[in-house]
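>>> Following is a predicted model, sequence given first.
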Amino acid sequence: MKVRRYFAANMRSALEMVRNEQGPDVLILSNRKVEDGVELVTAEGAIDDELVQKFADHAKAEVRDRIAAREPEASEVAELSEDPVPTPKPVALVSEMIQAEDGAKLWSDGPTVKLMQRELSDLRGLLEQQMCGLAWSEFGGKHPTRARLLRVLSRAGIVPTLGRELIAALPDNVQFEHGWRLVLGAFESRLEVLDDPILKFGGRVSLCGPSGVGKTLLACKLAAQYAIDHGPDRVALISTDDQRLGAQQQLKVFGGLLGIAVHATRNLDELTACLDRLQDKGLVLIDTAGVSVDDIRLREMITKLAVLDEPAKNYLVVGATTDYLSLNKVLAATADLALDGCVLTKLDEAAVLGPALSAIIEANLPVAYLCAGQQVPDDLEAPLARNLVGRTIALAGETPSPEDPAQLERAFVA
């Protein structure tokens with residue numbers, strides 16, 4: 001156990017010297033004031049109990065001397081009795097010392113600090129909740145029609161933060177019916193859609209997204225529709241999905257039925273080489289593996305496809321049945337990728353569309369196609385914003401989302 005002494009003008013400077021030379025986790029055996037400042041004694045290496053006891057006894061004697069100079073408290077007398085006491089541990093770690101500017105020292109107990117942090121965090125959460133509740137109540141009192149519209153949007157699955165944006169521009173004294181029409185118009189204007197970009201213009205198109213959202217089925221529908229309009233020799237399918245059992249075989253069976261060429265690749269080099277061989281095709285659809293959207297392989301592929309001599313268009317495939325938080329996580333992970341839009345699948349399975357559309361609108365990602373059903377090449381359509389908003393409201397009438405007052409209150413956190 002190696003012992004070192006440090007002298008400095010104050011405790012802050014002494015601790016900084018120790019931290020710089022020996023790190024934040026070195027043991028401090030003692031500290032005391034000296035004529036020109038303070039003295040720290042540190043130890044590193046294996047703990048020597050005899051040496052630690054020596055410093056502890058010395059510190060105890062100093063305390064006795066100080067107390068002897070004044071009338072001792074009962075607690076101090078008991079504490080300094082001659083009863084056997086266990087060998088004390090080293091005084092502290094540098095990382096556990098909290099010093100004041102004037103050199104006075106305080107000691108922090110790790111579990112106690114963590115408990116205080118948790119209690120403060122709970123207190124902050126309670127205060128925020130109460131403030132949000134007060135803000136929501138005040139908003140409802142001043143703007144009852146807007147508050148009512150916000151509750152209706154919430155029952156349609158629209159997240160309150162987006163709903164608050166949709167009602168922000170309403171006139172102060174607007175009537176509910178007129179306000180509802182204005183809100184639907186604002187909702188429609190926020191929903192960006194594309195006009196059949198793949199089937200109209202062809203090119204190289206990759207379909208990416210999480211597993212189970214219907215990428216392979218979507219690729220089959222797009223390929224079949226393009227083959228009907230332009231001929232099967234003008235379209236090709238590429239599968240990069242070597243993870244899911246039977247994924248490539250599914251495409252090959254489909255391609256064989258319609259006479260569409262199907263190719264399988266295992267890595268990025270094979271994919272780019274395959275694209276070079278298919279330059280005569282009007283439409284090349286790339287069905288990617290269903291991996292996490294922040295998977296490094298998928299990100300490398302999208303980045304590579306976007307900078308080819310003939311860049312590919314990249315579309316994120318998302319399921320309408322996905323909840324808002326999960327979809328928001330996917331969209332946040334792809335915010336920095338070169339995406340041209342998204343395709344919303346499984347509309348026939350969704351009980352509510354508000355959560356999915358809320359996440360898509362907040363991500364500023366245009367919707368390219370809607371997919372609802374298993375029929376090939378049917379159950380695929382280019383979206384119209386008005387129809388999609390109408391479908392959202394119709395579903396809300398059939399299966400309204402339960403109203404969550406706490407969620408509405410959280411929309412007023414700012």
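Great, that's in hand.

>>> and residue 305, how many neighbours does it have?
For residue 305, the number of neighbouring residues by other CB atoms under 10 Å comes to 24. Bear in mind the C-beta positions are built from the backbone N, C-alpha and C, glycine included.

>>> Tell me how far it lies from residue 213.
When CB to CB, to the nearest Å is applied, the distance between residue 305 and residue 213 equals 19 Å.

>>> ok, now residue 202?
With distances taken as CB to CB, residue 202 is found 23 Å from residue 213.

>>> more crowded one of those two?
For residue 202 versus residue 213, neighbours defined as other CB under 10 Å are more numerous around residue 213 (25 against 18).

>>> Give me the neighbour count for residue 310.
Taking other CB under 10 Å as the neighbour definition, residue 310 ends up with a count of 11.

>>> Repeat that for the one 5 residues further on.
Applying other CB under 10 Å, we find 27 residues neighbouring residue 315.

>>> next one: residue 382
16.

>>> May I have the secondary structure class of residue 124?
State at residue 124, reduced to three classes by DSSP: H, G, I helix; E, B strand; the rest coil: helix.

>>> Which residue ranges of the stretch 101-250 of the chain form helices?
Under the criterion DSSP state H, counting those that start in this stretch, the stretch 101-250 of the chain carries helices at the ranges 110-142, 144-155, 160-167, 176-190, 197-201, 215-230, 247-258.

>>> and of those, who's closest to residue 388?
helix 176-190 (8.3 Å; CB to CB).

>>> Pull out the buried positions in that closest one.
Neighbour-count burial for helix 176-190 flags 179, 180, 182, 183, 184, 186, 187, 188, 190 (criterion: 16 or more other CB atoms under 10 Å).

>>> The closest residue to the second one other than its chain neighbours - how many residues pack around it?
The spatially closest residue to residue 180, leaving aside those adjacent along the chain, is residue 149, at 6.4 Å (CB to CB, 6 or more residues apart in numbering). As a burial measure, residue 149 scores 21 neighbours (other CB under 10 Å).

>>> how about residue 149, what does it touch?
When the contact criterion is CB atoms under 8 Å, 6 or more residues apart in numbering, the partners of residue 149 are 163, 167, 170, 176, 179, 180, 183.

>>> and the gap between the fifth one and residue 170?
From residue 179 across to residue 170, the span is 5 Å (CB to CB).

>>> Now the common contact residues for the two.
Counting by CB under 8 Å, 6+ apart, the residues touching both residue 179 and residue 170 are 145, 146, 149.

>>> Pull out the buried residues from stretch 232-239.
Across stretch 232-239, burial judged by 16+ other CB under 10 Å covers 232, 235, 236, 237, 238, 239.

>>> Also stretch 151-169?
Within stretch 151-169, the residues that count as buried by 16+ other CB under 10 Å are 152-160, 162-167.

>>> got any ranges where the chain has weak pLDDT?
Under the criterion pLDDT under 70, the flagged ranges of the chain are 1, 25, 45-114, 125-141, 242-248, 293, 403-414.

>>> So this protein: which segments form each domain?
2-108, 113-190, 197-383 (automatic domain parsing).

>>> Check the offset of the longest one from the chain's centre.
Using CA atoms, centre = their mean, to the nearest Å, we find the averaged C-alpha position of domain 197-383 to lie 24 Å away from the chain's own average C-alpha position.

>>> And that domain, end to end?
The separation between the terminal residues of domain 197-383, taken as CA to CA, to the nearest Å, is 11 Å.

>>> Next, give phi and psi for the closest residue in space to residue 382 that isn't next to it in sequence.
In this structure, residue 382 finds its nearest non-sequential neighbour in residue 196, 4.1 Å apart by CB to CB, 6+ apart. Torsion angles at residue 196 (phi, psi; degrees, to the nearest 10) stand at phi 50, psi 60.
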